[in-house]
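Asker: Predicted model and sequence follow; I will ask about them next.
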Amino acid sequence: MAKASAGLLMFRRRGAALEVLLVHLGGPFWSKKDAGAWFIPKGELEPGEDALAAARREFHEETGFESSPPFLPLGEVRQPGGKRVTAFAFQGEGDPTALRSNQFVIEWPPKSDSMREFPEVDRAAWFAVPAAHAAIHPAEAEFLARLQHALGG
């Protein structure tokens, strides 16, 4: 069965510009990637867990930022590997330099018997929506269009 994740897309307005907060995955696999390597903060749903509750938990774990209602449902997308991602948007503020992410441990380099700890998210940034389209992983770009539509433009 395909895995399911849920996440939050925080947005703000700067004059006429709509900006979104995206995160870059930590660890060695994404360290040298930029275009297409930014995501909405999200994480795996536990069995029977409410998608919005999971999205709020994962947002906090990956950024250290709080989220608050109202939440706009942005629906679901399916990633190429089959994972289903459900997203919600909310208006908020967060300073990317204040990012606090949880950690994970993997063997690195592979087959080295050396375990290393990495942040799940190594950085966050605000992007105007046109720039976000170039930065975000293609599987999640639909959420940007849905947000713009939900906000009337």
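Answerer: Looks like it arrived, so ask away.

Asker: Start from the N-terminal end of this protein and give the helices.
Answerer: Here the chain has its helices, by DSSP state H, at 51-63, 129-135, 141-150.

Asker: can those go into a markdown table with extra columns for distance to Glu117 and mean neighbour count?
Answerer: To be clear about C-beta, it is placed using only N, CA and C from the backbone, and glycine gets the same treatment. Compiled in a markdown table, the helices of the chain are given as follows (distance: least, Cβ to Cβ, whole Å; neighbours: other Cβ atoms under 10 Å):
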| stretch | distance to Glu117 | mean neighbour count |
| --- | --- | --- |
| helix 51-63 | 15 | 20 |
| helix 129-135 | 26 | 16 |
| helix 141-150 | 30 | 17 |
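
Asker: for the ones you listed, which one sits closest to Ser31?
Answerer: Comparison of the helices of the chain against Ser31 by Cβ to Cβ identifies helix 129-135 as nearest, at 15.7 Å.

Asker: give the contact list for the residue nearest to Asn102 when sequence neighbours are not counted.
Answerer: With Cβ to Cβ, 6 or more residues apart in numbering as the measure, Glu61 is the residue that lies nearest to Asn102, at 4.8 Å, once sequence neighbours are left out. Shown in contact with Glu61 (Cβ atoms under 8 Å, 6 or more residues apart in numbering): 43, 101-102, 120.

Asker: Can you tell me what sits against stretch 144-152?
Answerer: Residues from elsewhere that reach stretch 144-152 (Cβ under 8 Å, 6+ apart): 9, 11, 18, 20, 72, 74-75, 87, 89, 129, 132-133, 136.

Asker: 10 Å instead, please
Answerer: With contacts defined as Cβ atoms under 10 Å, 6 or more residues apart in numbering, stretch 144-152 is touched by 9, 11, 13, 18, 20, 22, 40, 72-75, 77, 87, 89, 91, 127, 129-130, 132-133, 136.

Asker: would you turn the helices of the chain into TSV with distance to Lys83 and mean pLDDT?
Answerer: Shown next, in TSV, are the helices of the chain (distance: least, Cβ to Cβ, whole Å; pLDDT from 0 to 100):
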stretch	distance to Lys83	mean pLDDT
helix 51-63	13	96
helix 129-135	20	95
helix 141-150	14	97
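
Asker: May I see the ones you listed organised as CSV, with distance to Lys32 added?
Answerer: Below are those laid out as CSV (distance: least, Cβ to Cβ, whole Å):
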stretch, distance to Lys32
helix 51-63, 21
helix 129-135, 15
helix 141-150, 21
